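J.: My questions are about this predicted structure, shown below with the sequence.
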Amino acid sequence: MCYRAPAWEAVGREGTVGKQRPLHHSVFALAALWLGFAALAGCASRVWNRPLGAQSSTGRYDFRHRMPEQDDGTFVVLAFSGGGTRAAAFSYGVLEKLRATTVSVDGRPQSLLSRVNVITSVSGGSYTAAYYGLFGQRIFSDFAPRFLYRNWQGDLAALLLYPNHLLSIAARGYNRSDLVAAYLGRTLFRHRTFAEMSRHGLPFIILNASDLNNATTFSFIQPQFDFLCSDLSSYPVANAVMASAAVPPAFAPMALRNYKDCPQRHKAWVADALAHDAVLDRRYTVARALERYSDPARMPVLRLVDGGVTDNLGVRGSMMSPVAQEGDVPDMAGAFTAQQLRQVRHVLVVVANAQVYEAYPWSLQGRDPGIVDMTRASFNAALGLLNTETVSLAKRGFLMWQKHVNAMRPPDTPQVKVDFAVLTFNQISDRAERARFNAMPTTFHLQPAQVDALRALAGRLLEASPEFQAFRSALAADPGPVHPH
């Protein structure tokens with residue numbers, strides 16, 4: 001993308017204020033203006049994912065190579081939902097609370113935030129997750145002023161005021177989401193790629209979008225990119241965040257290329273699932289969708305939209321996905337080695353769900369909804385049901401994993417315990433306060449007081465969570481790691 005002063009600014013600087021020009025001068029100036037716009041538009045081009053080449057020296061972007069190594073028996077997962085700045089501020093409040101919470105691990109006091117292994121996110125929550133995964137503790141000094149308190153909605157709308165931008169998105173192969181992704185990369189994420197994500201002990205970040213071609217969750221991890229014969233390490237983080245937050249129809253889909261065949265595309269677990277699993281089994285369903293990538297002639301380009309279309313909490317479609325777990329979800333084989341699976345004892349899952357339940361004006365007034373209102377309400381109803389079912393299925397999945405792991409352990413060894421905490425506005429007991437939070441819009445601009453309230457609410461709800469307190473108590477009572485022989 002070429003970024004330079006728009007042509008109209010250059011023309012304005014060269015002219016004389018208050019001086020009338022002859023008509024033919026104006027015609028030539030107008031022609032030069034549009035030629036300048038066209039030249040600028042020609043500079044704009046989509047950033048494509050690259051094909052797989054030699055193994056990057058930075059290592060694969062997967063659990064095994066990027067998740068922090070911890071042998072103390074703890075495993076902490078955070079899941080950040082969608083919801084624009086509301087979700088970003090709410091998830092930021094969770095990070096603040098974990099940072100301020102001290103736990104004892106092997107007799108040493110540590111910030112609980114330092115024990116987080118994985119953050120999986122969708123849409124608005126992906127801004128917070130990606131920023132922390134790239135910049136670590138810096139998030140607590142500059143993310144709030146750079147994003148939470150900034151009118152990003154106004155900034156993004158202003159992009160369309162530049163005629164060269166309008167001409168760019170009018171051309172084939174470049175759309176408004178590409179434009180926003182380039183702006184995010186330049187202003188917020190500083191052109192970072194996945195080669196720089198989740199380094200130096202920071203959690204493994206999983207940004208999630210939805211694949212319109214397959215109606216499935218698409219996670220920005222190398223095991224997912226293997227099925228495209230593509231390298232994730234060189235891909236801009238800003239583009240992944242944009243895909244995760246590309247709510248239709250406000251934003252256009254982000255595009256990824258599906259490259260010609262490669263050995264990494266052929267996973268043994270996919271063939272096994274297609275040959276032996278029941279048709280209604282989830283592993284079979286995922287394997288069937290992945291098989292469609294194997295013919296790039298029929299699916300040369302993927303179109304990705306907001307992750308909330310398939311999983312607005314970003315937990316079941318990624319953390320409990322056969323793709324991330326190498327086809328073995330019961331053992332979470334992607335996240336745990338056999339030895340780590342024998343040692344893990346304390347698991348905390350925190351789901352920060354910033355979904356709102358707003359009262360529609362047409363409902364309050366007793367009138368029929370219009371087409372736009374009806375479409376919006378239908379989408380929100382489907383999303384609400386999906387969120388409820390996703391939380392239930394994700395919790396059940398983690399508890400089944402707990403039972404599976406404990407069944408493999410001798411009776412005299414410590415058992416694994418999963419504490420699954422869900423934070424939602426429905427947990428606000430005061431009706432008036434709950435209504436105020438539910439009235440916060442899904443936009444990328446909130447008032448500073450609203451952002452402050454969301455940050456404080458996240459910490460308050462987490463502190464009041466019985467599961468969170470149970471996890472802390474279990475850590476305090478743990479005598480230390482057991483290393484089975």
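T.: Everything's here; your move.

J.: If you count neighbours, what's buried in the host helix or strand of A421?
T.: Secondary-structure assignment from DSSP states H and E places A421 in strand 417-424. Residues of strand 417-424 classed as buried by neighbour count (16 or more other Cβ atoms under 10 Å): V418, D419, F420, A421, V422, L423, T424. For the C-beta atoms, the positions are set from N, CA and C on the backbone; glycine is no exception.

J.: Using a markdown table, lay out those together with pLDDT and distance to L98.
T.: Converted to a markdown table, these look like this (pLDDT from 0 to 100; distance: Cβ to Cβ, whole Å):
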| residue | pLDDT | distance to L98 |
| --- | --- | --- |
| V418 | 96 | 18 |
| D419 | 97 | 14 |
| F420 | 96 | 16 |
| A421 | 97 | 11 |
| V422 | 96 | 16 |
| L423 | 97 | 12 |
| T424 | 96 | 18 |
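
J.: which one of these is nearest E358?
T.: Top of the list for closeness to E358, among the buried residues of strand 417-424 and by Cβ to Cβ, is T424 at 14.3 Å.

J.: Next, report how far the strand holding A421 is displaced from the centre of its chain.
T.: The gap between where strand 417-424 is centred and where its chain is centred comes out at 19 Å by Cα atoms, centre = their mean, to the nearest Å.

J.: Identify all contacting residues around it.
T.: 90, 94, 345-353, 355, 391, 394-395, 398-399, 401-402, 458, 461-462, 465, 467-468, 470-471, 474 (Cβ atoms under 8 Å, 6 or more residues apart in numbering).

J.: What's the PyMOL syntax to select whichever of those are buried?
T.: Applying 16+ other Cβ under 10 Å to the contacts of strand 417-424 leaves a buried subset, and the PyMOL line that selects it is:
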select buried, resi 90+94+345+346+347+348+349+350+351+352+353+355+391+394+395+398+401+402+458+461+462+465+467+468+471+474
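
J.: Count residues in the vicinity of A407, would you?
T.: 8 (other Cβ atoms under 10 Å).

J.: typo on my end, it should be L393
T.: For L393, the neighbour count with other Cβ under 10 Å is 15.

J.: Low-confidence stretches in this structure?
T.: When residues are selected by pLDDT under 70, those of the chain lie in 1-43, 54-58, 167-171, 379-387, 480-485.

J.: run the last query once more with 80
T.: For the chain, applying pLDDT under 80 flags the ranges 1-44, 54-58, 70-71, 105-108, 160-172, 314-318, 358-365, 372-389, 479-485.

J.: picking that back up, pull the residues that contact the helix or strand following the strand holding A421.
T.: Using DSSP H and E, the helix or strand that follows strand 417-424 towards the C-terminus is helix 431-438. Identification of contacts with helix 431-438 by Cβ under 8 Å, 6+ apart yields V356, Y357, E358, A359, F425, N426, I428, A453, L454, L457.

J.: If you rank those residues by neighbours, which is first?
T.: For the contacts of helix 431-438, the largest neighbour count, defined by other Cβ under 10 Å, is 25 neighbours, found at L454.

J.: Within the helices and strands, which one has it?
T.: When secondary structure is defined using DSSP H and E, the element that contains L454 is helix 448-464.

J.: other SSEs contacting that helix?
T.: Helix 448-464 makes packing contacts with helix 84-100, strand 417-424, helix 431-438 when contacts are defined by 3 or more Cβ pairs under 8 Å, 6 or more residues apart in numbering; DSSP states H and E.

J.: can I have the following helix or strand past that helix written out in PDB, keeping just the CAs?
T.: Proceeding N to C from helix 448-464, the next assigned helix or strand is helix 466-477, under DSSP H and E. Taking C-alpha atoms only, helix 466-477 is exported to PDB below (Å, rounded to 0.1, in the frame of the first residue of the first chain):
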ATOM      1  CA  PRO A 466     -16.400 -19.100  42.700                       C
ATOM      2  CA  GLU A 467     -14.300 -21.000  40.100                       C
ATOM      3  CA  PHE A 468     -11.600 -18.300  40.100                       C
ATOM      4  CA  GLN A 469     -11.400 -18.500  43.900                       C
ATOM      5  CA  ALA A 470     -11.400 -22.300  43.900                       C
ATOM      6  CA  PHE A 471      -8.400 -22.200  41.500                       C
ATOM      7  CA  ARG A 472      -6.500 -19.800  43.800                       C
ATOM      8  CA  SER A 473      -7.200 -21.800  46.900                       C
ATOM      9  CA  ALA A 474      -6.100 -25.000  45.200                       C
ATOM     10  CA  LEU A 475      -2.800 -23.400  44.200                       C
ATOM     11  CA  ALA A 476      -2.200 -22.100  47.700                       C
ATOM     12  CA  ALA A 477      -2.800 -25.600  49.200                       C
END
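
J.: Which strands and helices lie in contact with helix 466-477?
T.: Using 3+ Cβ pairs under 8 Å, 6+ apart, helix 466-477 sits against strand 102-105, strand 346-353, strand 417-424.

J.: May I see the ones you listed organised as CSV, with distance to L280 added?
T.: Formatted as CSV, the helices and strands packed on helix 466-477 follow (distance: least, Cβ to Cβ, whole Å):
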stretch, distance to L280
strand 102-105, 41
strand 346-353, 26
strand 417-424, 25
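
J.: Select, out of these, the one closest to R66.
T.: Evaluated with Cβ to Cβ, these place strand 346-353 nearest to R66, the distance being 19.1 Å.

J.: any idea which helix or strand carries L341?
T.: Here L341 is covered by helix 338-343, with elements defined by DSSP H and E.

J.: all strands for the stretch 1-150 of the chain, in order.
T.: Along the stretch 1-150 of the chain, counting by DSSP state E, counting those that start in this stretch, strands occupy 50-51, 74-80, 102-105, 108-111, 116-122.

J.: Pull up the pairing partners for the second one, direction included.
T.: Sheet pairing of strand 74-80 (DSSP bridges) gives strand 116-122 (parallel), strand 346-353 (parallel).

J.: ok, so what distance separates G459 from E96?
T.: With distances taken as Cβ to Cβ, to the nearest Å, G459 is found 6 Å from E96.

J.: for P223, same thing?
T.: Counting by Cβ to Cβ - P223 and E96 are separated by 31 Å.

J.: Neighbour count: these two, which is higher?
T.: When P223 and E96 are compared for neighbours, P223 comes out ahead with 23 against 19, by other Cβ under 10 Å.

J.: Who are the contact partners of R60?
T.: Counted by Cβ under 8 Å, 6+ apart, R60 has contacts R66, Q222, S233.

J.: centre of the chain versus the longest helix seen in the chain, how much separation?
T.: The residue-count maximum for a helix in the chain (DSSP state H) belongs to helix 371-407. Between the centre of helix 371-407 and the centre of its host chain there is 16 Å, according to Cα atoms, centre = their mean.

J.: cool, stretch 455-464 as well?
T.: How far stretch 455-464 lies from its chain's middle: 21 Å, per Cα atoms, centre = their mean.

J.: List of residues touching that stretch?
T.: 89-94, 96-98, 100, 350, 352, 421, 423-425, 427-428, 437, 468.

J.: Just the endpoints, please. Distance across stretch 269-289?
T.: Distance between the two ends of stretch 269-289: 13 Å, counting by Cα to Cα, to the nearest Å.

J.: Name the surrounding residues that touch that stretch.
T.: By Cβ under 8 Å, 6+ apart, the list of residues contacting stretch 269-289 from outside reads 211, 214-216, 290-291, 321-323, 326-329.
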